[in-house]
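K.L.:
pasting the sequence and the predicted model now:
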Amino acid sequence: MGIMDGKVCVVTGGGGSIGLAAARALLDEGARVLLVGRTPEKLARAVASIGADADALDSITADVADAADTRMYLDRAVANWGNLDVIFSHAGISGVIAPITEYPEDVFDAVMATNVRGSFLACKYGLPLMNDGGSIIITSSIMGTRADPGVCAYATSKHALIGLARVVAKEAAPRNIRVNVFAPGPIENEFQTKIEERLTEIVGQDGTEFLNGVIPLSRHGGADEVAQMVLFLASDRSSFSTGSVFMADGGMNI
């Protein structure tokens, strides 16, 4: 038996590397998983790469910042398998790197909509559909605990998610529903590569090497590696943890 046997899980940002790795980890431990993403092609590739039984894995295209879409994907999971046990609210975008005086307002709004409103809606509409004793995991970032120049939208959104999670943790505690923050540092994936391409232009040296130089473990993390923390937070092994920030950053926050 797996530690997630029979649990119903929703994973937003399911087409990306961490969402996909988390889905694999949950499925390997017996969960049933709905992958949510904005791009049908990425979701189809994700489902095909997992190769799980159709009765254990489903996917749906949705905009997490849209209330109707949020209700739609949550209702899909319930219709498939019954009430929810886990929501992994992982969908997010990074915006651009620019000084605040030059930061595009439309980009700032888009980052806040996906990163903050998306998790707000997942909690607002997901909690009534959850079994008591469930788990909500919200993805923040190393940028939720620190700041660097040029990332006002991303850093603001990731700090905001920690506040959101702590409020929801207190509200959900009477039902023994835990709400925690997953905060990864630089991960070897497409999302991070795009950030580091922009960083290279700003710091005048290779962005990946620059970041490795400030990470105590001197390397980026792997998606499968950090997904094990998501599995821990989803499972009963974290039964006495709520309202906390769990770093997966190689020590970058020290």
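P.N.:
Alright, I've got the coordinates.
K.L.:
going forward, measure contacts and count neighbours with C-alpha atoms only.
P.N.:
Fine.
K.L.:
Gly133: neighbour count?
P.N.:
16 (other CA atoms under 10 Å).
K.L.:
how about Asn176?
P.N.:
Asn176 has 18 nearby residues by other CA under 10 Å.
K.L.:
now the lengthiest helix in the chain: how far from the chain's centre is it?
P.N.:
In the chain, assigned by DSSP state H, the helix with the most residues is helix 152-172. Relative to the chain's own centre, helix 152-172 is displaced by 12 Å; criterion: CA atoms, centre = their mean, to the nearest Å.
K.L.:
could you check it and say which residues are buried?
P.N.:
152-162, 164-166, 168-169, 172 (16 or more other CA atoms under 10 Å).
K.L.:
one more: stretch 215-232?
P.N.:
215, 219-221, 223-224, 226-231.
K.L.:
and that stretch, what's its mean pLDDT?
P.N.:
Summarised as a single mean, pLDDT over stretch 215-232 is 94.
K.L.:
swap in stretch 68-82?
P.N.:
So the average pLDDT for stretch 68-82 ends up being 98.
K.L.:
who's in contact with it?
P.N.:
8-10, 32, 34, 36, 60, 62-64, 83-84, 121-122, 125-126, 129 (CA atoms under 8 Å, 6 or more residues apart in numbering).
K.L.:
can you check stretch 120-128 too?
P.N.:
64-67, 70-71, 74, 84, 87, 89, 136, 164, 168, 172.
K.L.:
that older thread, other SSEs contacting the longest helix of the chain?
P.N.:
Packing partners of helix 152-172 (3 or more CA pairs under 8 Å, 6 or more residues apart in numbering; DSSP states H and E): helix 105-112, helix 118-126, strand 130-139, strand 178-184.
K.L.:
so which of those is nearest Ala48?
P.N.:
strand 130-139 (24.4 Å; CA to CA).
K.L.:
list the contacts of that closest one.
P.N.:
In contact with strand 130-139 (CA under 8 Å, 6+ apart) are residues 83-91, 119, 123, 161, 165, 175-184, 230, 233-235.
K.L.:
residues touching Glu196, list them.
P.N.:
206-208.
K.L.:
try 7 Å this time
P.N.:
Residues near Glu196 by CA atoms under 7 Å, 6 or more residues apart in numbering: 207-208.
K.L.:
in the chain, which spans are helices?
P.N.:
17-28, 40-50, 67-81, 105-112, 118-126, 152-172, 190-203, 207-212, 223-234.
K.L.:
what mean pLDDT does the fifth one have?
P.N.:
Helix 118-126 comes out with an average pLDDT of 98.
K.L.:
just give the closest residue to Asn189, not the sequence neighbours.
P.N.:
Ser17 (6.5 Å; CA to CA, 6 or more residues apart in numbering).
K.L.:
how near is the residue nearest to Ala110 when sequence neighbours are not counted to Ile137?
P.N.:
With sequence-adjacent residues excluded and distances taken as CA to CA, 6+ apart, Ala110 is closest to Gly95, at 7.8 Å. Distance, Gly95 to Ile137, using CA to CA, to the nearest Å: 22 Å.
K.L.:
one more: Ile93?
P.N.:
Distance from Ile93 to Ile137, by CA to CA: 17 Å.
K.L.:
so if I had to pick from these two, which one is more boxed in?
P.N.:
A count of neighbours by other CA under 10 Å puts Ile137 above the other of Ile93 and Ile137, at 26 against 17.
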